[in-house]
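*Asks:* Predicted structure and sequence below. I'll ask about it afterward.
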Amino acid sequence: MEKRKLGWKELPDADSIEAGTSAEFKTGDWRSQRPVFHKENCIHCLTCWVVCPDAAIIVEDGKVTGYDYDHCKGCGICANECPVNKGKGKDDVSKRPIIMEDEKKFQK
Amino acid sequence: MADKKLTVAKTGNEAMAEAMRQINPDVVAAYPITPATEIAQIFAGFVADGLVDTEFVTVESEHSAMSATIGAAAAGGRCMTATSSQGLMLMAEMLPIASSLRLPIVMPEVNRTISAPINIHCDHSDTMFVRDSGWMQVYCEDAQEAYDSILMGIKIAEKISLPMMVSTDGFIISHCMANIDLIPDEDVKEYIGKYNPKTWLLNPEKKITVGCLDLQDYYFEHKMVAIDAMRRAKGVIKECCKEFGARFGREYSFFDTYKIEDADIAILAMGSLTGTAKVAVDNMRRAGKKVGLIKMRVFRPFPADELARVVSGLKALAIMDRSDAMSGLEGPLAVETKAALYNNDTKPKIHSYVYGLGGRDVQISELESIYNDMDDLSRAKKKFDENVTYLGVRE
Ligand code: SF4
Ligand code: SF4
């Protein structure tokens, strides 16, 4: 069921809202490409985590575990900046930790 | 209070800067070169002399002046800036952001015309251009009123959480010296008190997001909150004017009237012209004519009901606009006054005048002949071909 929308009298007395609401705003559905993680190739340098504009790289105990597809916009910056993708993976796709794939393949 | 009264000679700019010194804002961001006025420059002197604690941000344009003031106000500071003419034009994009973010910025403004042609002198085209920006607007007759209105403005703006511009006629008030009564520093401090914003960005206890993307499903509701604030501002202005009067002995209202009680004919005007008009009223009264004056002070929020009540008993009313909205209608004061009167059963005959564009002076004799024309109009001895006359413009 759709959430009831607030009326103007229920809104705060200025154009301000509580912080952190961007987590609730799922921007992932804009994606036309998605990063797919290949753990075995990753050296966990965290470059992708630093450059991702949407904080969509999931890291646990200092290691990349995958992507937050609710917020990942599929911009491909992570794949572009990953030093392994640029190095060993440059000519050999099978060595890349991040491979951008067509989002349509994942939609049912 | 009276024993501490301090009468000094100050130009309008100095008087407004003095009010800013006494307010001692947290942040003033300004671009103190022409087309701004001396206000920011004088205030920068206070900063250099250590007379205020203000963080003075010298920015690269008026657009940035307003942007920085907005940022600092959102962060939780009591913030001010000052401008005029083209400077206000450049700020225009930021003005509705200040009002819809509900930031109580108070800005002295000097009314000077806008280009083209290039001209630095007085008319109200600049502030009238931004009359729908969600800022409260007060037009002052003299330096004393400007000084008082800025102090009151802090109270009003912070109570209703809306910004206010306090404007004075360029050169006529801004550069002419007049006697004004200052309020002692400590009394101003006590009067304005400490600023306690409800929410502010630098508050770690209650984190907020300001100015977010707000599309079809919520923009209207958020805008409505600001619209409602402007509607409620009238009550706050009334209350604050009363309080100021009780404290300091000078009481203001949405408008002041002069010899209006038994008047048949009146002029409705704003700004420094009202001083000239008082002399014209006295001259006409001596000649036995029942004329009066309504000096409009608060243009935003527009005090429609209050104005309708005051003018409803008149036989004829001349409305004086020192700007033309280029709407094909009349000046903005005339258009809005007529709208305010629409639901009145009794209303005076009205003719409006656009006068003084680009700083052209208006003589007492011209106002007297307007009173005489209104007298004729009220007796059906005169008819105008158009609703508006462009006063003194050569054909
Ligand atoms: S940038 Fe590449 S190698 Fe480094 S952590 Fe991310 S995926 Fe792994
Ligand atoms: S594709 Fe873009 S948004 Fe998605 S994880 Fe990579 S850098 Fe972040």
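*Replies:* Sure thing, it's come through. Ligands and ions are numbered 1, 2, ... in the order given.

*Asks:* got any ranges where chain A has weak pLDDT?
*Replies:* Low-confidence segments of chain A, defined by pLDDT under 70, are located at A:1-2, A:15.

*Asks:* Flag every residue of it that's near ligand 2.
*Replies:* Proximity of chain A to ligand 2 is confined to A:35, A:52, A:54, A:56-57, A:67, A:72-78 under the rule C-beta under 6 Å from any ligand atom. Using the backbone N, CA and C atoms, a C-beta is placed for each residue, glycine as well.

*Asks:* Let's see if you can find the most crowded of these.
*Replies:* Tallying neighbours with other C-beta atoms under 10 Å in any protein chain shown puts residue A:78 at the head of the residues of chain A next to ligand 2, with 27 neighbours.

*Asks:* Please identify the residues of chain A in proximity to ligand 1?
*Replies:* Close to ligand 1, as judged by C-beta under 6 Å from any ligand atom, chain A has residues A:42, A:43, A:44, A:45, A:46, A:47, A:48, A:64, A:82, A:84, A:97, A:98.

*Asks:* What helix or strand is residue A:34 located in?
*Replies:* strand A:33-37 (DSSP states H and E).

*Asks:* my bad, residue B:274
*Replies:* Using DSSP H and E, residue B:274 falls within helix B:273-286.

*Asks:* Kindly report the same for residue B:10.
*Replies:* Secondary structure assigned from DSSP H and E places residue B:10 in strand B:6-11.

*Asks:* so what does that strand touch, helix or strand wise?
*Replies:* Using 3 or more C-beta pairs under 8 Å, 6 or more residues apart in numbering or on different chains; DSSP states H and E as the contact test, the elements touching strand B:6-11 are strand B:177-182.

*Asks:* so whichever helix or strand comes after the strand it packs on versus strand B:6-11, what angle?
*Replies:* Toward the C-terminus, strand B:177-182 is succeeded by helix B:185-192 as the next helix or strand (DSSP H and E). In this structure, helix B:185-192 runs at an angle of 80 degrees to strand B:6-11, with axes from the mean of the first three to the mean of the last three C-alpha atoms, to 10 degrees as the basis.

*Asks:* Give me the contacts around helix B:185-192.
*Replies:* When contacts are defined by C-beta atoms under 8 Å, 6 or more residues apart in numbering or on different chains, helix B:185-192 is touched by residues B:1, B:4, B:22, B:23, B:24, B:151, B:154, B:155, B:183, B:244, B:247, B:248.

*Asks:* Note down every partner strand of the helix or strand following that helix and its orientation.
*Replies:* For helix B:185-192, the following helix or strand on the C-terminal side (DSSP H and E) is strand B:208-210. Here the strand partners of strand B:208-210, with direction, are listed using DSSP bridges: strand A:16-18 (antiparallel).

*Asks:* Which strands border the strand holding residue A:34, and is each parallel or antiparallel?
*Replies:* Partner strands for strand A:33-37, per DSSP bridges, with pairing direction: strand A:98-102 (antiparallel).

*Asks:* Show me which residues of the strand it pairs with are buried.
*Replies:* A:98, A:99, A:100 (16 or more other C-beta atoms under 10 Å in any protein chain shown).

*Asks:* same check, this time on stretch B:202-212
*Replies:* Buried residues in stretch B:202-212, counting neighbours by 16+ other C-beta under 10 Å, are found at B:208, B:210.

*Asks:* before we move on, what about stretch B:296-306?
*Replies:* Along stretch B:296-306, these residues count as buried under the neighbour rule (16+ other C-beta under 10 Å): B:296, B:297, B:298, B:299, B:300, B:301, B:302, B:303, B:304.

*Asks:* Narrow these to those in strands?
*Replies:* When DSSP state E is applied, the buried residues of stretch B:296-306 are split such that B:296, B:298, B:299, B:300 fall in strands.

*Asks:* For chain A, which segments count as helices?
*Replies:* For chain A, the helices identified by DSSP state H occupy A:47-51, A:77-81, A:83-86, in order along the chain.

*Asks:* Of all those helices, which one comes closest to residue B:268?
*Replies:* Distances from residue B:268 to each of those were compared by C-beta to C-beta, and the smallest falls on helix A:77-81, at 61.7 Å.

*Asks:* list the helices and strands the closest one packs on?
*Replies:* Helix A:77-81 makes packing contacts with helix A:47-51, strand A:98-102 when contacts are defined by 3+ C-beta pairs under 8 Å, 6+ apart.
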